[in-house]
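1. Structure for this input, please:
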Amino acid sequence: MPVDLMDRVVLDDLEIGEIANDLDDQEPEDVIEWALETFGERLAIITALQVDGMTLLDMAYRVKPDIRVVTVDTGRLPPETLTFLDEIRARYPKANVEVLEPDQAELEAMVDRHGPDPFTKSVPLRLVCCQIRKVRPMLRALEGLDAWFTGLRRDQWASRAAIKKVELDHDHDGIVKLNPLADWSKEEVWDYIAEQGVPTHPLYAQGYTSIGCGPCTRPVAEGEADRAGRWWWETNAPKECGMHCPIETGGFEHEFHAILGEAHGDDSGY
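-> Model prediction:
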């Protein structure tokens with residue numbers, strides 16, 4: 001059973017393992033309902049507004065219309081994403097939609113050191129850009145939460161093949177990470193979208209299958225993996241921004257910490 005600790009819901013590895021086993025063959029709506037009952041207000045959907053996140057929002061909204069939804073305006077989003085946000089607010093008017101932005105001092109420090117497009121220069125600098133523009137704002141959103149919903153599915157990429165529907169997120173202070181769509185296929189997601197009339201990002205109609213920042217995303221060709229259009233110029237690099245897996249390269253860590261030091265002062269601890 002969950003352990004209440006000063007208004008927080010904290011689960012240990014044994015508890016989360018038992019819950020994960022119980023919920024692994026359950027439908028996404030069942031996982032969502034369990035999570036909403038368990039974590040209450042200390043739970044949010046963290047999403048880039050793609051079909052998986054929209055499916056979760058639609059399902060959660062039916063149970064808890066004022067569900068908290070967090071996304072990030074990285075400053076390099078395609079204009080269609082910002083337009084789509086207005087459509088989401090109109091469709092789900094009671095949802096608590098928050099749009100976070102990168103820290104301005106960190107952005108300026110990165111641009112001063114590497115120019116406006118560091119992602120074109122190397123994989124480590126692309127990962128730094130992802131951290132500054134997307135991951136760190138998301139991490140601020142996780143502070144104060146006991147759990148978060150993601151739209152991850154096992155069939156999206158090799159790095160996601162072993163995810164559980166419910167797991168401890170040891171990369172983010174051990175809060176609970178909820179992946180209700182883990183065992184769904186892409187086709188099941190699109191079937192739900194069609195059946196329920198869920199709004200979708202307009203770039204899907206132009207051949208995009210995974211949507212991030214404008215310069216780092218392109219449509220995919222027939223037969224390519226869904227995430228092949230993300231950072232397509234890179235070879236042997238993870239198709240990840242770092243939000244869902246730890247980034248461990250010396251080049252990345254050196255530049256990342258140098259930028260944070262310049263933005264906040266070497267002794268700030270960020």
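
2. so what's the closest residue to Ile259 other than its chain neighbours up against?
-> Counting by CB to CB, 6 or more residues apart in numbering, Ile259 lies nearest to Ala109, which is 4.7 Å off, once chain neighbours are set aside. For every residue, glycine as well, the C-beta is placed using N, CA and C. Counting by CB atoms under 8 Å, 6 or more residues apart in numbering, Ala109 makes contact with Ile259, Leu260, Glu262, Ala263.

3. Run the chain-centre distance for the strand or helix carrying Ala109.
-> Here Ala109 is covered by helix 104-114, with elements defined by DSSP states H and E. Its chain's C-alpha centre and that of helix 104-114 lie 23 Å apart, by CA atoms, centre = their mean, to the nearest Å.

4. Quick one: mean pLDDT over that helix.
-> Helix 104-114 comes out with an average pLDDT of 96.

5. separation between the nearest residue to Trp190 once chain neighbours are set aside and Asn21?
-> Nearest residue to Trp190, sequence neighbours excluded (CB to CB, 6+ apart): Val51, at 6.7 Å. For Val51, the distance to Asn21 equals 28 Å [CB to CB, to the nearest Å].

6. of those two, who's got more company?
-> Counted by other CB atoms under 10 Å, Val51 and Asn21 do not tie: Val51 has more neighbours, with 22 against 12.

7. Over to the more buried one: give its phi and psi.
-> With angles defined as degrees, to the nearest 10, Val51 shows backbone torsions of phi -60, psi -30.

8. same thing with Ala44?
-> phi -150, psi 160.

9. which ones are touching it?
-> With contacts defined as CB under 8 Å, 6+ apart, Ala44 is in contact with Ile67, Arg68, Val69, Val70, Ala141, Leu145, Trp148, Phe149.

10. again, 10 Å this time
-> 60, 67-70, 96, 98, 141-142, 144-149 (CB atoms under 10 Å, 6 or more residues apart in numbering).

11. Name the residues linked to it by a beta bridge.
-> Under the criterion DSSP bridges, Ala44 forms beta bridges with Trp148.

12. quick one: it from Leu56, how far?
-> 11 Å.

13. repeat for Glu255
-> Glu255 is 34 Å from Leu56, by CB to CB.

14. For these two, indicate the residue with more neighbours.
-> In this view Glu255 and Leu56 are compared by other CB under 10 Å, and Leu56 has more residues nearby, 26 against 22.

15. I'd say the more buried one and Arg153 touch.
-> No - contact criterion CB atoms under 10 Å: Leu56 and Arg153 do not qualify, at 11.2 Å.

16. Now do the shared contacts for these two.
-> Here Leu56 and Arg153 have Asn179, Pro180, Leu181, Val189 as joint contacts, going by CB under 10 Å, 6+ apart.

17. ok, now which ones touch the second one?
-> Right, the one you point to is Pro180. Shown in contact with Pro180 (CB under 10 Å, 6+ apart): 23, 26-35, 52, 55-56, 59-60, 149-153, 165-166.

18. Now with 8 Å, please.
-> If you count contacts by CB under 8 Å, 6+ apart, Pro180 has them with Pro28, Glu29, Val31, Ile32, Ala35, Leu56, Met59, Phe149, Lys165.

19. which ones among these are found in helices?
-> Applying DSSP state H to those, the entries found in helices are Pro28, Glu29, Val31, Ile32, Ala35, Leu56, Met59.
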